[in-house]
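Novice: Pasting a predicted model and its sequence here:
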Amino acid sequence: MSRLVVVSNRVPVPTPGVPPAGGLAVALSGAMQARGGLWFGWSGAKLPPGETEPSEPQVTTADGVTYAVIDLSERDLDEYYAGFSNRMLWPLFHYRMELTEFTRVSLSGYHRVNRLFAQRLAPMLKPDDVIWVHDYHLIPLAAELRAMGFRNRMGFFLHIPFPPPDVLTALPNHADVVRSLAAYDVAGFQTPIDVENFETYVRRERVGRRLPDGRFVAHGRAVTVEAFPVGIETDAFAAVAAASNRNALVRRVRESLSDRKLIIGVDRLDYSKGIAQRIQAYETFLLLDPEWRGRCVYLQITPKSREEVPEYAAMEREVAELAGRVNGAYSELDWTPLRYVNRTVGRNALAGLYRQAAVGVVTPLRDGMNLVAKEYVAAQDPENPGALLLSRFAGAAAELDGALMTNPYDVDGTAGALARALDMAVEERRERWSSMFRRIKEYDVTWWRESFLEALEKDDEAPPSTGRM
Ligand code: ADQ
């Protein structure tokens, strides 16, 4: 078997006692440990002021995985990470054109860092390595490596949505982005809708077409573009949840509830997650369903994220203010309706909290997949499972047909769905849960990794000559 080389912006080098938060880190850590290989990317640290060039990668090995990381300069991080990746691609790919900020400076920083990644990775590569690049920060990496002469199999997985062409074309360099994607052998998306968006783009912009074998030709190069919905370690997570009553934090939370029903939300503090709209829906629910006052507690666990990006600081204030407003309006001397907590929680405690919750609320305005929805399902007690309230705009909605679907822009509708979830009879909960559990058990993170790598390792014949399309 060829060696697997994974490249992602951030490399979560394992630190004892610190759980990885963030979907990519969670999904890939297990996958890497199962197969071994090399994982290359940014260390998470900044170079000292005044230094611009990172030194050689710092290499460590743990659990059969070699981690090679480089530090980045302040300027590189401003332009490539906080700038083009997180102020342009992230909002745009989440359909939020009004939040984008495009500058030539950040775009050139984005390309500069992609080139730097290619240059620092190159000496570590062997001819038969299979290279798997992750996420929107690194779209141009394969093109950079190919320009340096590498002919390895290269795959790319986009963890976030691929937007429809009317949105994508708001990006001044959209043609380059699609051309860069075509430098890979496989480009994986989360859902069939993302693939459809790619196909529509290619057709409308007249840059390619679908081949009879299912692949696409785009900008003259053949590439497999398919949906590989990311999964979780379903069995392991379910087992941890089932054993979670031994966890002290979980026990403390249970005692603190005094038989009130728990509603849980777990999200990085990000505008794509619809946290503000969710709190508003909870406020409406408390207003319209007064019999639930004093009988439920909504726990929203939300670690801060990307604080260096201005839109995130603004949203942090907005959400904190909303949470304060709800508690100010509805708290009793012995009851707080909303517990809003800005911290991460270890995997064991998280699994136990999901299991205790009568309702999991996962209501992003747009999400590539959303692993929290799958974790919530995996953690339930099969005899008495909770209900999942899920946004139709999460990629997970394509798979989790047993969820109560909601439109997060419809605050009143979400409030109503929350009441319905809390009232749902156990038979209906069991039925809905078992169909969801079956799905995530079969399509778990191992399926995701193996099916992507199978597609990547399949040696397609040389791309057909295409001419102009
Ligand atoms: P994210 O936007 O980070 O991921 P998500 O898929 O929900 O979103 O994953 C978050 C992960 O972090 C989950 O495993 C969750 O348990 C963990 N996490 C969140 N808050 C936590 C907390 N307070 N304490 C501990 N752990 C916490 C991106 C895309 C998603 C896509 C994933 C994977 O935006 O759409 O599903 O990548 O592809």
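Specialist: Nice, I can see it.
Novice: What pLDDT does the model give the residue sitting furthest away from the middle of the chain?
Specialist: Going by CA atoms, centre = their mean, the residue of the chain most distant from its centre is Leu333, 38.4 Å out. We have a pLDDT of 97 for Leu333.
Novice: mind checking how far it is from Ala323?
Specialist: According to CB to CB, to the nearest Å, Leu333 and Ala323 sit 19 Å apart. (Glycine included, C-beta is placed from N, CA and C.)
Novice: Then Val186?
Specialist: Separation of Val186 from Ala323 (CB to CB) stands at 42 Å.
Novice: Kindly report the same for Asn384.
Specialist: To Ala323, Asn384 is 29 Å away according to CB to CB.
Novice: For those two, work out which one has more neighbours and name it.
Specialist: A count of neighbours by other CB atoms under 10 Å puts Ala323 above the other of Asn384 and Ala323, at 23 against 12.
Novice: what helix or strand does that one sit in?
Specialist: helix 310-330 (DSSP states H and E).
Novice: Could you list the buried residues of the very next helix or strand once past that helix?
Specialist: Sequence-wise, the next helix or strand downstream of helix 310-330 (DSSP H and E) is strand 338-341. Residues 338-340 are the ones in strand 338-341 that count as buried (16 or more other CB atoms under 10 Å).
Novice: How far off centre is strand 338-341?
Specialist: 23 Å (CA atoms, centre = their mean, to the nearest Å).
Novice: go on, stretch 185-197?
Specialist: 15 Å.
Novice: ok, which residues in the protein are in contact with the ligand?
Specialist: By CB under 6 Å from any ligand atom, the residues of the chain that approach the ligand are 19, 21-24, 26-27, 159-160, 230, 266, 268, 301, 303, 344-345, 350, 367-372, 375, 395.
Novice: Just the buried subset of those, please.
Specialist: By neighbour count, with 16+ other CB under 10 Å, those hold 19, 21, 23-24, 26-27, 159-160, 230, 266, 268, 301, 344-345, 350, 367-372, 375, 395 as buried.
Novice: what about Leu262, is that helix, strand or coil?
Specialist: strand (DSSP: H, G, I helix; E, B strand; the rest coil).
Novice: then the lengthiest strand in the chain to CSV, C-alphas only?
Specialist: Longest strand of the chain, by residue count under DSSP state E: strand 37-46. C-alpha atoms of strand 37-46 as CSV (Å, rounded to 0.1, in the frame of the first residue of the first chain):
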residue,chain,number,x,y,z
GLY,A,37,1.3,8.1,7.2
LEU,A,38,2.5,11.7,7.1
TRP,A,39,0.4,14.7,8.1
PHE,A,40,1.7,18.0,7.0
GLY,A,41,0.6,21.6,7.7
TRP,A,42,0.7,24.6,9.9
SER,A,43,1.7,24.2,13.5
GLY,A,44,-0.8,26.7,14.9
ALA,A,45,2.2,28.9,16.0
LYS,A,46,3.4,32.2,14.6
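Novice: Can you list the strands that it pairs with?
Specialist: Strand pairing for strand 37-46, using DSSP bridges, gives strand 4-10 (parallel), strand 65-72 (parallel).
Novice: closest to Trp90 out of those?
Specialist: strand 4-10 (11.6 Å; CB to CB).
Novice: Just the mean pLDDT for the host helix or strand of Phe452, thanks.
Specialist: If you go by DSSP H and E, Phe452 is part of helix 445-457. For helix 445-457, the mean pLDDT works out to 94.
Novice: Buried by neighbour count: which residues of that helix qualify?
Specialist: By neighbour count on 16+ other CB under 10 Å, the buried set for helix 445-457 is 445-449, 452-453, 455-456.
Novice: With stretch 285-299 instead?
Specialist: So for stretch 285-299, counting by 16+ other CB under 10 Å, buried means 285-286, 289, 292, 296-299.
Novice: Quick one: residues in contact with it.
Specialist: Contact with stretch 285-299 is made by 253, 257, 260-265, 282, 326, 330, 332, 335-339, 341, 353, 357-358, 361, 415-416, 418-419, 422, as judged by CB atoms under 8 Å, 6 or more residues apart in numbering.
Novice: shouldn't Cys83 be in contact with Phe102?
Specialist: Not Cys; residue 83 is Gly. No. Look at Gly83 against Phe102 with CB atoms under 8 Å: they stay out of range, at 9.5 Å.
Novice: Between the two, which is the more surrounded one?
Specialist: In terms of neighbours (other CB under 10 Å), Gly83 is the more surrounded of Gly83 and Phe102; the figures are 25 against 16.
Novice: Which residue, other than its chain neighbours, is closest to the more buried one?
Specialist: Spatially, and ignoring its direct neighbours in sequence, Gly83 is nearest to Ser106 (3.1 Å; CB to CB, 6 or more residues apart in numbering).
Novice: who does the lowest-mean-pLDDT helix or strand in the chain touch, helix- and strand-wise?
Specialist: For the chain, counting by mean pLDDT, DSSP states H and E, helix 23-35 ranks last in confidence among helices and strands (a mean of 76). Using 3 or more CB pairs under 8 Å, 6 or more residues apart in numbering; DSSP states H and E, the elements in contact with helix 23-35 are strand 4-10, helix 371-378, helix 445-457.
Novice: Reformat those as a markdown table; add distance to Val167.
Specialist: Compiled in a markdown table, these are given as follows (distance: least, CB to CB, whole Å):
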| stretch | distance to Val167 |
| --- | --- |
| strand 4-10 | 22 |
| helix 371-378 | 24 |
| helix 445-457 | 25 |
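Novice: which SS class is Leu390?
Specialist: In three-state terms, and counting by three-state DSSP, Leu390 is strand.
Novice: What is the burial count for it?
Specialist: Per other CB under 10 Å, the neighbour tally for Leu390 reads 30.
Novice: cool, Gln119 as well?
Specialist: 12.
Novice: ok, it - contacts?
Specialist: By CB under 8 Å, 6+ apart, the residues touching Gln119 are Met148.
Novice: Repeat that for Gln280.
Specialist: Shown in contact with Gln280 (CB under 8 Å, 6+ apart): 322, 411.
Novice: next one: Arg87
Specialist: Arg87 is in contact with 99-101, 106, 309, 311, counting by CB under 8 Å, 6+ apart.
Novice: go with 6 Å
Specialist: Contact analysis of Arg87 by CB atoms under 6 Å, 6 or more residues apart in numbering lists Glu101.
Novice: and it, which of the three is it?
Specialist: helix.
Novice: how much space between it and the ligand?
Specialist: 16 Å (CB to the nearest ligand atom, to the nearest Å).
Novice: what about that residue, distance to Ser256?
Specialist: On the measure of CB to CB, Arg87 and Ser256 end up 39 Å apart.
Novice: Which one of the buried residues of strand 338-341 is nearest to the ligand?
Specialist: Among these, Tyr340 lies closest to the ligand (CB to the nearest ligand atom), at 11.6 Å.
Novice: what's the closest non-adjacent residue to that closest one?
Specialist: Ala323 (4.0 Å).
Novice: Then Thr224?
Specialist: Distances taken as CB to CB, 6+ apart place Val186 nearest to Thr224, at 4.5 Å, with adjacent residues excluded.
Novice: could you list every residue that touches Pro91?
Specialist: By CB under 6 Å, 6+ apart, the contact list for Pro91 reads 99-100.
Novice: Please apply the same query to Ser451.
Specialist: Ser451 makes contact with Phe228, according to CB under 6 Å, 6+ apart.
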